[in-house]
Structures are given as C-alpha cells and as structure tokens.
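Engineer: Give me a model of this one.
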Amino acid sequence: MNGENMREILGCAVAALLLVGPAAAQSSYPDRPVRLIVPFAAGGATDVVARLIGSELSKAFNQTFVVENKPGASGMIGVDAVAKSKPDGYTLGVSPGTPLVVVPYLDPKSPFRPERDLEFITPVYDAPFILCARPDLPQKTLAAFLAAAKTDTREPSYGTVGIASVNHALHEEMARRSGTRMLHVPYTGEAPIMPALMTGQVDIAFITPASATGLIKEGKILGLASGGPGRVAALPDMPTISEVMGWPDYSAHTWTMLIGPKGMPEDVTARLNAATTRILADPEVQSRLAKLGLVAMGGSLADTAAFVRSEAKRFQDIVRLNDIRRE
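Structural biologist: Numbering: from 1, shown residues only. Got it, this is the predicted structure:
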C-alpha cells in the first residue's frame, strides 16, 4: 500500500470519526446530572410539578435531574439563566407562561427573546386558576366583591407572581370587564402569596388548585370562583367566573413548559420531548397531577410550537386591551 492510499484511508477514517462523534455523544445523553431551573420560589405549583417531572426523568434516563429555584422579575431571571446556558441539554427549565409569552414582549430591554433564545420542548400541565380571597373578606361571592369594589373608596388589592405576569394580565382583564380599579401587589412566586392572603395583606389572588384547595377546605382562605371552563373537581360547589359574571370567553388558567436554550442538539430535544410526553401519559402521573387540580399535557414538538404561538397571541391581546406595561 503506497503513501497516497494510506493518506486516503486515514482521511476517511478521521471523517467517519467526526461524523460518529457527535452522534455518539448525543446517544449517551445524559451522562451527568441535569439542572432543572424553576423561575419562581420553592413551594408553588410550578416547583412541585418540576420536582415530580424531574424525578420521573431521572428514572427514564437513569441520571439525576436536579431542581434549582431562581425566582425574581416575574420569572425572567430563571428563564434568562436557561436561555444563556450552554445548549447541550444539561440546563433545562420548567416555566409557566409569564416569562415565555408575556413579559419579554412588553420589555424592549428584555435579556432574551423566547423565539430566538429558547427551545420549547414539551407543555407539562394546564390548570384553571382559583380566585382566592382573604378569610375575613366581607363579601363571600365574586359578584358581591366586584360590586363593592365599584363604590369602595379603598381600592381592593390583588397579589400576583410579578409585574406583567399572566396573573397580572388576568386580574386587569377582570377589573376592566367589571368596571373596577384594583391595586396590584407583586410577589416573587405563588408560595409567598399564600401567607399574604391568609393574613389579609392582599384581598384576592389567582392561585392554582395545587396550592389553594387544601387551604380553602381548611377555611384559611376563601375560594370565590374558578377560572376554567368547568368547575374544579375537588371543589364542585365553587362556580366558575363565567357562571357568576356571564363572561363565556373569559378564561383564567395557567400552564408550564419544559424549555431549554436555543441550539440544543435535535436528537436531545426530541428524546426529552418523547420522554416527557410518555411520562405525562402515564395514568399514575396523571392521577397525581389531577389530585393537585392539574391536567397533564404533553405532545409533539410541532404541537408544542403551535400551542406557544396561540398562547402568545392570547395574552398579547389581553395586555394590549388593558394597557399593561412593564414598569
């Protein structure tokens, strides 16, 4: 064999290794622990479900998925950490819609743009909000509360997970439709709102069933109405906002999404999507979520992209109608 033939063989071998190398690296994913960033404080629904999904992903991939809480700025701090991480699949996030379809479109100085900087992997759950109130609220129904708010010289206050959050937008839309004015009090996540409600620091707040149901049953907070199209199974006597106010097109719900930084290997993104969708299709996981008042989602990458586009338009319309600003 002459030198030229040897060089050709070696060249082919090197080329083959270069092609196989990335594929081999992807197929071995994950070979070390994966971070799951939650952009809100520990204890809220997003955090609870992220830990459940992280545990199930750990089983599916035989590797540890570690939840890390990075609250602040309506979820923007945590999601920005995901967006700016190395796109290798070892830093992911579980985020609600606020930092994905609301805040970045209100702030021209936003540190990231969702469509440019994030991979939307799989929707995890959907849940109706429950409109909760402090336990000593004089009005015991939503209709009575909104009627009183029109004439009360003191503006009623509402707590949210941050300025320009989904919760903020939904409260302002409710105020607009009912002809009332309310005072916005932002927090760093759902968990800190609960003691604020229980102690009367705020009058009302939209809370997920996972956090609200037990406290409502114990009488520690009031449940005025649910925001979904139907009643919450765990609280069948509680009416919906649509029932009470006659707003058939008003929907107050939240959802979470498994996300990663833009540019992740397609194979890794596809495997995470498939694994998460399988987990969410498991009857036991669905039952555990249902006990928290949550509905498991999942779906293909194409379905995920379509869902995000639809929700972005919905909330941008609400933001525009209510002149909500990022201040």
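
Engineer: For the residue nearest in space to the middle of the chain, name its beta-bridge partners.
Structural biologist: Nearest to the geometric centre of the chain sits Pro96, at 1.2 Å (C-alpha atoms, centre = their mean). Under DSSP bridges, the beta-bridge partners of Pro96 are Thr256.

Engineer: residues contacting it?
Structural biologist: Phe40, Thr46, Gly75, Val161, Val166, Thr254, Trp255, Thr256, Met257 (C-beta atoms under 8 Å, 6 or more residues apart in numbering). Yep, even glycine has a C-beta here, placed from its N, CA and C like the rest.

Engineer: how far away is it from Pro195?
Structural biologist: Distance of Pro96 to Pro195, computed by C-beta to C-beta, to the nearest Å: 20 Å.

Engineer: Would you confirm that Arg231 belongs to a helix?
Structural biologist: No: counting by DSSP: H, G, I helix; E, B strand; the rest coil, Arg231 is not found in a helix; it is coil.

Engineer: I'd like to know how many residues surround Glu284.
Structural biologist: Look at Glu284: counted by other C-beta atoms under 10 Å, it has 9 neighbours.

Engineer: ditto for Asp317
Structural biologist: 12.

Engineer: could you give me the average pLDDT of whatever helix or strand it lives in?
Structural biologist: Per DSSP states H and E, Asp317 falls inside helix 301-322. For helix 301-322, mean pLDDT is 88.

Engineer: The residue lying closest to Gly219 once chain neighbours are set aside in helix, strand or coil?
Structural biologist: Among residues not flanking Gly219 along the chain, Pro135 sits closest, at 6.6 Å (C-beta to C-beta, 6 or more residues apart in numbering). Following three-state DSSP, the label given to Pro135 is coil.

Engineer: next one: the one 5 residues further on
Structural biologist: Three-state call for Lys140 (three-state DSSP): coil.

Engineer: can you pull the contacts of it?
Structural biologist: Lys140 touches Leu222, Leu224, counting by C-beta under 8 Å, 6+ apart.

Engineer: how far away is it from Ala148?
Structural biologist: 11 Å.

Engineer: likewise Ala127?
Structural biologist: In terms of C-beta to C-beta, Ala127 sits 28 Å off from Ala148.

Engineer: These two: which is more packed in?
Structural biologist: Ala127 (24 against 14).

Engineer: what's the closest non-adjacent residue to that one?
Structural biologist: In space, Ala127 is closest to Leu294, 4.5 Å off (C-beta to C-beta, 6+ apart).

Engineer: quick one, what contacts the one you found?
Structural biologist: Residues near Leu294 by C-beta under 8 Å, 6+ apart: Ala45, Val49, Tyr125, Asp126, Ala127, Thr208, Pro209, Ala210.

Engineer: Show the backbone phi and psi for it.
Structural biologist: phi -110, psi 150 (degrees, to the nearest 10).

Engineer: after the helix or strand containing Leu52, next one along is what?
Structural biologist: Using DSSP H and E, Leu52 sits within helix 45-61. Sequence-wise, the next helix or strand downstream of helix 45-61 (DSSP H and E) is strand 65-69.

Engineer: who does that following strand touch, helix- and strand-wise?
Structural biologist: Contacts defined by 3 or more C-beta pairs under 8 Å, 6 or more residues apart in numbering; DSSP states H and E place strand 65-69 against strand 34-38, helix 45-61.

Engineer: contacts for the shortest one?
Structural biologist: Looking back up the chat, that one is strand 34-38. By C-beta under 8 Å, 6+ apart, strand 34-38 touches 46-47, 50, 53-54, 57, 61, 63-70, 78-79, 81-82, 85, 89-95.

Engineer: What is the neighbour count of the closest residue to Gly44 other than its chain neighbours?
Structural biologist: Residue nearest to Gly44 in three dimensions, not counting chain neighbours: Glu190, with 3.5 Å by C-beta to C-beta, 6+ apart. Around Glu190 there are 28 other residues, counting by other C-beta under 10 Å.

Engineer: same question, the one 5 residues further on
Structural biologist: Counted with other C-beta under 10 Å, residues neighbouring Pro195 total 11.

Engineer: Next: the one 4 residues further on.
Structural biologist: Burial of Thr199 is recorded as 11 neighbouring residues (other C-beta under 10 Å).

Engineer: Need the pLDDT of it.
Structural biologist: Thr199 carries a pLDDT value of 97.

Engineer: could you measure the closest residue to it other than its chain neighbours against Lys262, distance?
Structural biologist: Closest residue in space to Thr199, ignoring its immediate chain neighbours: Arg134 at 7.8 Å, by C-beta to C-beta, 6+ apart. The gap separating Arg134 from Lys262 is 42 Å, by C-beta to C-beta.
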